[in-house]
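Visitor: Mind folding the following:
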Amino acid sequence: MVNNNYMHIKRIKEYAIENKIPIMQNEGIDFLTTFIIKHQIKNVLEIGSAIGYSAIMMSLCSPDLKVTTIERDEERYLEAVKNVKKLNLEDRITLIFNDALKVKIEDKFDLIFIDAAKAQNIKFFELFEKNLKESGYIITDNMYFHGLVHKNEKEIKSRNVRGIVRKIKDYIAFLKDNDNYNTTIYDIGDGIAVSEKKTKGGS
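Guide: Alright, predicted model coming up:
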């Protein structure tokens with residue numbers, strides 16, 4: 001079974017490379033799964049499934065974990081459905097095909113993982129923080145955006161990419177100024193932000 005899982009995951013990673021689909025870097029996924037185990041996370045809301053790689057890796061690291069994940073790209077969503085079935089995780093991973101900004105979710109989660117359109121990070125955070133349990137966590141990937149966040153904007157030739165970088169910088173400022181959370185940005189993978197919800201009356 002473990003060997004089968006390894007082979008399936010290897011194929012998912014190869015498919016991502018061949019089809020230029022961004023998935024979490026090894027360092028990033030190791031950090032995320034270790035975090036889940038350490039903090040005994042039981043349920044996760046993921047914004048941006050892509051082909052299901054991170055949802056699968058999260059589920060495999062803890063047998064008690066349930067993941068609800070949202071993807072708006074139909075081709076990626078269908079690939080994610082296929083991958084989840086191959087690993088027999090249908091009972092623990094719920095895939096939603098929709099634009100995350102149009103989805104209404106009532107459940108509460110220990111962890112919300114944002115890994116979708118980078119320019120929408122603030123909107124995702126504000127929309128879904130109501131779904132976070134007390135003392136929960138919001139984790140956001142790609143805070144460095146392939147190292148471009150630390151570059152001089154004049155060196156970035158693409159206007160579109162410059163716009164995304166600016167939005168990520170705005171999001172970093174938004175996290176730092178948000179008094180309801182303690183945020184740390186870790187120099188791991190492509191930069192990972194961990195925002196811990198402050199307890200009422202606590203720090």
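Visitor: Give the pairing partners of the longest strand anywhere in the chain; include direction for each.
Guide: Within the chain, and with DSSP state E defining each element, the longest strand by residue count is strand 132-140. Partner strands and pairing direction for strand 132-140 (DSSP bridges) are strand 109-114 (parallel), strand 192-197 (antiparallel).
Visitor: would CSV of these with mean pLDDT and distance to residue 120 be doable?
Guide: (Each C-beta comes from the backbone N, C-alpha and C, glycine too.) Below are the strands paired with strand 132-140 laid out as CSV (pLDDT from 0 to 100; distance: least, C-beta to C-beta, whole Å):
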stretch, mean pLDDT, distance to residue 120
strand 109-114, 98, 9
strand 192-197, 96, 15
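Visitor: Check the ones you listed for me and report the most buried one.
Guide: Each of those was given a mean neighbour count from mean count of other C-beta atoms under 10 Å, and the largest, a mean of 23, is that of strand 109-114.
Visitor: who touches it?
Guide: Contact partners of strand 109-114, identified using C-beta atoms under 8 Å, 6 or more residues apart in numbering, comprise 32, 36, 39, 41-48, 54, 58, 68, 121, 124-125, 128-129, 131-133, 136-141.
Visitor: Toward the C-terminus, what is the element adjacent to that strand?
Guide: helix 121-128 (DSSP states H and E).
Visitor: can you redo the strands paired with strand 132-140 as TSV with distance to residue 76?
Guide: Below are the strands paired with strand 132-140 laid out as TSV (distance: least, C-beta to C-beta, whole Å):
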stretch	distance to residue 76
strand 109-114	16
strand 192-197	22
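Visitor: who does the longest helix anywhere in the chain touch, helix- and strand-wise?
Guide: Secondary structure of the chain per DSSP state H: the longest helix is helix 159-177. In this structure, helix 159-177 packs against helix 121-128, strand 181-186, strand 192-197, with contacts taken as 3 or more C-beta pairs under 8 Å, 6 or more residues apart in numbering; DSSP states H and E.
Visitor: what's next to the longest strand of the chain, contact-wise?
Guide: Outside strand 132-140, the residues that touch it by C-beta under 8 Å, 6+ apart are 32, 35, 39, 41, 108-115, 121, 125, 128-129, 171, 175, 181, 192-197, 199-200.
Visitor: Residue 79 contacts residue 56, doesn't it?
Guide: No - using C-beta atoms under 8 Å, residue 79 is not in contact with residue 56, being 11.7 Å away.
Visitor: Please name the residues that touch residue 73.
Guide: Applying C-beta under 8 Å, 6+ apart, one finds that residue 73 lies in contact with residue 50.
Visitor: and it, how far is that from residue 116?
Guide: In this view, residue 73 and residue 116 are 10 Å apart by C-beta to C-beta, to the nearest Å.
Visitor: Kindly report the same for residue 130.
Guide: Noted for residue 130: a distance of 18 Å to residue 116, by C-beta to C-beta.
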